[in-house]
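>>> no letters, just coordinates:
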Ligand code: CS2
């Protein structure tokens, strides 16, 4: 089959095998700067925006993607060469593929190459929104103090080198300062990360930094910048090379970095935009007054569910989420966790059928065509557990509810952090806190509670006796009997109640 390199020039040829943007991309101007052009952004906000550009004359809402870190050089170079174009491959539940070339990313900038260019772009009048997918850990929040972490070397660097920053806080601060000096209108900072109150978090962390870096800017930000909260959802595994070659061989699309995702998508946003916004509601996003209940539901059921399946599954030797959830006992365990420990903490979800939501999660996790990597799910667990699982434990402790299943998963994480699965094979652990996690996991062999001493993850949980007891019992049981036997016993004990 004749193959075509994916770029603007070749789009007409490619339109025979794949659907392509039906709008004139050369006329689309960027109104959004997006930082963090990973798979999730490309399956979510960029997808919604592409649909929007398709439907109406929304030509001022294109996206300028920013690759912030040196690590992002590859995606920058790829998208630059492909004129911002990439293929989104939706894996339907029956295994069929829906493919579409997405055209909403109309510019790309690589921050390490020219930081000032990024600052100037963020400060240009046409830009109305700076949106972010900088990961849970990217907000620089310290669980132990509840505050911004100034100790990070990159933050120290930014304080000393304001004109050539490295972190998102340094960039946004300089851009807002420039907007103020130019007398421009306000702007929206829109977090698209999996954090409870992600807008509030972005606001709190940014203001903490600004108070130190540019104190005179605080009032202007308070008056001119909005930070809507949002719940974002679409399962997007890391792109494997198989997809790259199959797109090429089967469809003639030579795309160096396509994105593969599930059909489900959801975006619930607070309607709080300081300088206008795209009509994303016309393409399926929901605008609501209070997004907090939706966020809680998604983080504590979907994302926590992922971590449960990831940690237990990895220890048992599974490689993908569908393998893990299709183990009957793990699935029963997850159901018990969701029903007995998470559901009691969720209130005020009007218009959402929780029972259906949980059922749909099992179906989404079980999609055998997605092949979502357990390594992806377990990566950066030190930033995920405090957001996905620990709030449930704290709430349940407060209400004297069940915490056995959550405690078990945390104990399993301590065992996991030793770096081997139950077949003694090495685990691939990617985590900014990997060293300390491993040190504490080694200490936990003698005294399981040692793992809970990492205050920036566990906060005060190490002092919660009920929790420490449940966790310690689970730890000993896992070491003695292995995960599967333990969860069978736990699941059966629930059945017998
Ligand atoms: C996952 C998320 O990273 C994780 O642990 O739970 O990436 C998840 O797939 C997305 O939030 C789905 O919306």
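It's in. All values derive from a computational prediction rather than experimental measurement.
>>> show the contacting residues for residue 167.
Listed by C-beta atoms under 8 Å, 6 or more residues apart in numbering, the contact partners of residue 167 are 140, 152, 154, 155, 157, 158. Backbone N, C-alpha and C define where each C-beta goes, glycine included.
>>> neighbour count and distance to residue 372 added to those residues, as TSV?
TSV is the format used below for the contacts of residue 167 (neighbours: other C-beta atoms under 10 Å; distance: C-beta to C-beta, whole Å):
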residue	neighbour count	distance to residue 372
140	22	27
152	14	30
154	15	30
155	21	32
157	14	35
158	22	34
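>>> tell me which two of these sit farthest apart.
For these, the farthest-apart pair by C-beta to C-beta is 140 and 157; their separation is 13.0 Å.
>>> near the ligand too, which of the contacts of residue 167?
Among the contacts of residue 167, no residue lies close to the ligand (C-beta under 6 Å from any ligand atom).
>>> return the helix or strand in the chain with minimum mean pLDDT.
Least confident element among the helices and strands of the chain, by mean pLDDT, DSSP states H and E: strand 141-142 (a mean of 88).
>>> and whichever helix or strand comes after that one, which strands flank it?
Downstream of strand 141-142, the first helix or strand assigned by DSSP states H and E is strand 147-148. Paired neighbours of strand 147-148 in the sheet (DSSP bridges): strand 141-142 (antiparallel).
>>> give me every residue in this structure lying close to the ligand.
So far as C-beta under 6 Å from any ligand atom goes, the chain lies against the ligand at 194, 233, 234, 235, 303, 306, 377, 384.
>>> can you list those in a markdown table and add neighbour count, distance to residue 16 and pLDDT?
Supplementary listing: the residues of the chain next to the ligand in a markdown table, determined by neighbours: other C-beta atoms under 10 Å; distance: C-beta to C-beta, whole Å; pLDDT from 0 to 100:
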| residue | neighbour count | distance to residue 16 | pLDDT |
| --- | --- | --- | --- |
| 194 | 23 | 38 | 97 |
| 233 | 19 | 33 | 98 |
| 234 | 21 | 27 | 98 |
| 235 | 23 | 30 | 98 |
| 303 | 18 | 39 | 98 |
| 306 | 25 | 38 | 98 |
| 377 | 25 | 37 | 98 |
| 384 | 25 | 42 | 96 |
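>>> so of the residues you listed, which ones are in strands?
Cross-referencing these against strands under DSSP state E gives residue 233.
>>> widest-spaced pair of the residues of the chain next to the ligand?
234 and 384 (17.0 Å).
>>> nearest spatial neighbour of residue 326, skipping sequence neighbours?
By the measure of C-beta to C-beta, 6 or more residues apart in numbering, the closest residue to residue 326 outside its immediate chain neighbours is residue 366, 5.8 Å from it.
>>> that neighbour is in contact with residue 328, isn't it?
No - using C-beta atoms under 8 Å, residue 366 makes no contact with residue 328, being 11.5 Å away.
>>> out of those two, which sits in the busier spot?
Between residue 366 and residue 328, counting by other C-beta atoms under 10 Å, residue 366 is the more crowded of the two (16 against 10).
>>> report pLDDT for the more buried one.
As predicted, residue 366 sits at a pLDDT of 95.
>>> what's it sitting at in phi/psi?
phi -80, psi 0 (degrees, to the nearest 10).
>>> how about it, what does it touch?
322, 325, 326.
>>> and it, how far is that from residue 331?
8 Å (C-beta to C-beta, to the nearest Å).
>>> over to residue 19?
On the measure of C-beta to C-beta, residue 19 and residue 331 end up 36 Å apart.
>>> tell me which of those two has more neighbours.
residue 331 (17 against 12).
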